[in-house]
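In: Here is my input, please return the structure:
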Amino acid sequence: MLFISICSALARCETADLELTKRVDIPAPYEGDALVYTVTLTNKGPEDATGVEVSDPLPAGVSYLWHRASRGSYNATTGRWIVGSLAASASAKLEITVSVDRGTAGREITNTAEVAKADQADPDSLPANGRLGEDDLGQVTIVPRPTAKVSGSLSGSLTAYPQSTTAQVTKFDFDLRVYANFILTLSGLTVNSLARLDLAGLEYEALTIGAVVGWLQITEMLIFGRKLDGELAFQRRSLTVQGQLQGLQLRNLLTWAADAPSRFDDTLTISGKAAAGATIASEAKLCLGPGCDHPLSYERITISGISLGGVTFQSITTFRPAEPIEERLALQFKLAELAVVNASLELWPALLVSSVVLTATNDLWRVVLNYDSQLNFSRGTVSLILPLAHGLSVRSTTTITPGEELDHLLSAVVQAGPWELMNTTVFSQGQFQSTEFSLQLASAGLGFLLSARFTPTGLEYVLSSLRIEF
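Out: Below you'll find the predicted structure:
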């Protein structure tokens, strides 16, 4: 095999089996659509891989918008993803967002990603040889459709609430909800209209307009609601601008409401990668115009993902006008093989442990223990999962709170193709509280749900809903 010719039989052979997969979220997009290519690189070992590079040039027919890499850096001009080192059993992910060019309808557009370089030998593939079938190469093909499309969904739910009269005759009060969602996409511009109706007529309508301009995504939402006199009136409006620039994720949200037309609330979020694989995020909220208590509501800086000696840290710093700085530190580490410890430390105004959560889990059971700021046991949860047969599983969850009776939940799920039958029964303080049966169908373009809830006093409600997508 390949690695035998590279490695000497007399010397230790360092091998790292790099596997690459590639997928796209919209295989048949419309012209002007934004879609995401996702490349996942996994090191199957046995050795750590170093000097890893992946070639992923964008094909003609799509235009680069932005990207996000879980590690390393990606150059959209050269199509080179410099991964660097990748430990055995570890994975790295690259997401590239592109827009589909106009005039590409009916054409096959193929995007290929392949491991281009690695310091270690791969036992079953050779970097940069372009050979289909090797596990270090992934390929996806899209076939764009003409520019405009209309899609959406219609859904409705009917809830029956039983009521007993003095003659002990049960009657039902019905509550009907109907949702209509229509989406029109034209050359990168998307218009989404969502309306909700009840027995009294149109209850509210939300209109969303979205567009892609270069590296920016711009979305505007207008919400109209029914007044007491039954007429629709403007209630709320928001404008969102987001994108990635020079490795930074930017998002700005501006909102204003009808009850305070001269007041604007603005939220700016900036995040990016830092040293040691950490993510740094900063969020600032401002209130603009009359009626604001202070123009700067707060600013938050979050540092997360730093791992030192098997302990992962997250730090959150909050600034408020004329108030002390708040600092929170969260950490996570493994205890033995199955347990994971999560702790949150509040560093202002005094050093104390606000909460500790101890979690132990595997495929069949899960135990969660909670402690308060004085490190006293406050709550415990024990869950058991029993896969009895194909398509049938039973879950038992017991909650333990000092000084209180046990709370218990028992659920069973039966799956047969697109159909799912589920029962959930709740006991609290040793007494039966409720049981609910539901039958659900989830197939392409069609959804159906029928459920009923029973309590010690009898039937509480019956719900049926239907959803059709087009």
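
In: going forward, measure contacts and count neighbours with C-alpha atoms only.
Out: OK.

In: Sketch out the low-pLDDT regions of the stretch 251-400 of the chain for me.
Out: The model of the stretch 251-400 of the chain has pLDDT under 70 over residues 276, 294-297, 337, 345-353.

In: Where do the strands of it begin and end?
Out: Along the stretch 251-400 of the chain, counting by DSSP state E, counting those that start in this stretch, strands occupy 260-273, 279-288, 296-308, 311-319, 326-335, 339-346, 352-361, 365-371, 377-389, 392-400.

In: what's the next secondary structure element after the last one?
Out: Using DSSP states H and E, the helix or strand that follows strand 392-400 in sequence is strand 407-416.

In: could the strands of the stretch 251-400 of the chain be laid out in JSON lines, adding mean neighbour count and distance to Ser89?
Out: Output for those, formatted as JSON lines (neighbours: other CA atoms under 10 Å; distance: least, CA to CA, whole Å):
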{"stretch": "strand 260-273", "mean neighbour count": "17", "distance to Ser89": "22"}
{"stretch": "strand 279-288", "mean neighbour count": "18", "distance to Ser89": "22"}
{"stretch": "strand 296-308", "mean neighbour count": "17", "distance to Ser89": "17"}
{"stretch": "strand 311-319", "mean neighbour count": "17", "distance to Ser89": "19"}
{"stretch": "strand 326-335", "mean neighbour count": "17", "distance to Ser89": "18"}
{"stretch": "strand 339-346", "mean neighbour count": "18", "distance to Ser89": "19"}
{"stretch": "strand 352-361", "mean neighbour count": "18", "distance to Ser89": "20"}
{"stretch": "strand 365-371", "mean neighbour count": "17", "distance to Ser89": "24"}
{"stretch": "strand 377-389", "mean neighbour count": "15", "distance to Ser89": "27"}
{"stretch": "strand 392-400", "mean neighbour count": "17", "distance to Ser89": "30"}
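
In: out of those, which comes closest to Ser91?
Out: Nearest to Ser91, of all the strands of the stretch 251-400 of the chain, is strand 296-308, at 15.3 Å by CA to CA.

In: Which stretches in the protein count as helices?
Out: With helices called from DSSP state H, the chain shows them at 2-6.

In: Can you list the low-confidence ranges for the stretch 1-150 of the chain?
Out: For the stretch 1-150 of the chain, residues meeting the criterion pLDDT under 70 lie at 1-12.

In: Mind doing that once more with 80?
Out: Counting by pLDDT under 80, the stretch 1-150 of the chain shows low-confidence ranges at 1-13, 147-149.

In: my guess is Ser55 contacts Thr77, does it?
Out: No. Assessed by CA atoms under 8 Å, Ser55 is found out of contact with Thr77, at 11.4 Å.

In: The two: who's more crowded?
Out: Taking neighbours as other CA atoms under 10 Å, Ser55 and Thr77 compare with Ser55 leading, 21 against 9.

In: Give the bridge partners for that one, please.
Out: Arg80, Glu114 (DSSP bridges).

In: Can you name the residues that contact it?
Out: The contact partners of Ser55, by CA atoms under 8 Å, 6 or more residues apart in numbering, come to 79-81, 113-116.

In: Now, of those, which are buried?
Out: For the contacts of Ser55, a neighbour count by 16 or more other CA atoms under 10 Å gives the buried set as 80-81, 113-116.

In: got the strands of the stretch 251-400 of the chain as a markdown table, with distance to Glu469 columns?
Out: Shown next, in a markdown table, are these (distance: least, CA to CA, whole Å):
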| stretch | distance to Glu469 |
| --- | --- |
| strand 260-273 | 34 |
| strand 279-288 | 37 |
| strand 296-308 | 39 |
| strand 311-319 | 41 |
| strand 326-335 | 42 |
| strand 339-346 | 42 |
| strand 352-361 | 38 |
| strand 365-371 | 37 |
| strand 377-389 | 32 |
| strand 392-400 | 29 |
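
In: Mind checking those strands for the one nearest to Gln139?
Out: For the strands of the stretch 251-400 of the chain, the distance to Gln139 is smallest for strand 260-273, at 27.9 Å, taking CA to CA.

In: got the contact list for the closest one?
Out: 247-257, 279-292.

In: per the record, what domains does the chain have?
Out: 2-142, 324-375, 379-470 (automatic domain parsing).

In: Just read off the phi/psi values of Arg71.
Out: Arg71 adopts backbone torsions of phi -160, psi 160, taken as degrees, to the nearest 10.

In: That one contacts Thr279, correct?
Out: No. Contact criterion CA under 8 Å: Arg71 and Thr279 do not qualify, at 10.9 Å.

In: Kindly tell me how buried the closest residue to Asp25 other than its chain neighbours is, as a neighbour count.
Out: In space, not counting the residues next to it along the chain, Asp25 is nearest to Val36; the distance is 5.8 Å by CA to CA, 6 or more residues apart in numbering. Counted with other CA under 10 Å, the neighbours of Val36 add up to 18.

In: Pro57 too?
Out: Pro57 has 17 neighbouring residues, counting by other CA under 10 Å.

In: ok, it - contacts?
Out: 76-80, 111-113.

In: go on, Asp17?
Out: Residues counted as contacts of Asp17 (CA under 8 Å, 6+ apart) are 43-46, 121-124.

In: Please name the residues that touch Gly72.
Out: 81-84.

In: Show me what counts as buried in stretch 403-413.
Out: 407-413.

In: sorry, that was for stretch 100-111
Out: Neighbour-count burial for stretch 100-111 [16+ other CA under 10 Å]: 100-102, 104-105, 109, 111.

In: Name the pair among the residues you listed with the greatest separation in space.
Out: Spatial extent of these (CA to CA) is set by the pair Arg102 and Asn111 at 17.5 Å.
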